[in-house]
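Undergrad: all I have is the shape, not the residue letters:
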């Protein structure tokens with residue numbers, strides 16, 4: 001008796017889609033110090049002092065500024081870190097996350 005051996009050919013089509021990016025936006029207020037905003041940008045986002053100072057001035061002058069663009073989960077985590085640090089230091093700094101257009 002002979003056995004019939006069957007081999008299946010599997011063709012895998014993997015289409016990976018880049019994650020949707022989100023803007024993390026700092027909102028200006030009259031109580032959060034420039035030094036604190038710079039501190040968060042350096043510590044949480046790893047910006048240089050010079051870049052952090054420029055972003056801080058942009059937030060102050062225009063009322064808000066995009067400080068980072070990243071996948072949602074990372075933007076959300078960084079936003080939470082900034083908010084918790086701000087509240088722990090007595091600042092009302094607000095962070096907004098919105099889809100990149």
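TA: Sure, I can see it. Predicted model only: the values in this text are computed from it and were never measured.
Undergrad: quick check: residue 81 touching residue 41?
TA: No. Using C-beta atoms under 8 Å, residue 81 and residue 41 do not qualify as a contacting pair, with a distance of 11.8 Å. From N, CA and C alone the C-beta is placed, and that goes for glycine too.
Undergrad: which one's more surrounded, those two?
TA: residue 41 (24 against 15; other C-beta atoms under 10 Å).
Undergrad: for the more buried one, which three-state class applies?
TA: Judged by DSSP: H, G, I helix; E, B strand; the rest coil, the three-state class of residue 41 is helix.
Undergrad: that one: what's it in contact with?
TA: Shown in contact with residue 41 (C-beta atoms under 8 Å, 6 or more residues apart in numbering): 47, 51, 52, 55, 56, 67.
Undergrad: got a quick PyMOL command for the buried subset of those?
TA: Buried subset of those, written as a PyMOL selection, criterion 16 or more other C-beta atoms under 10 Å:
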select buried, resi 47+52+55+56+67
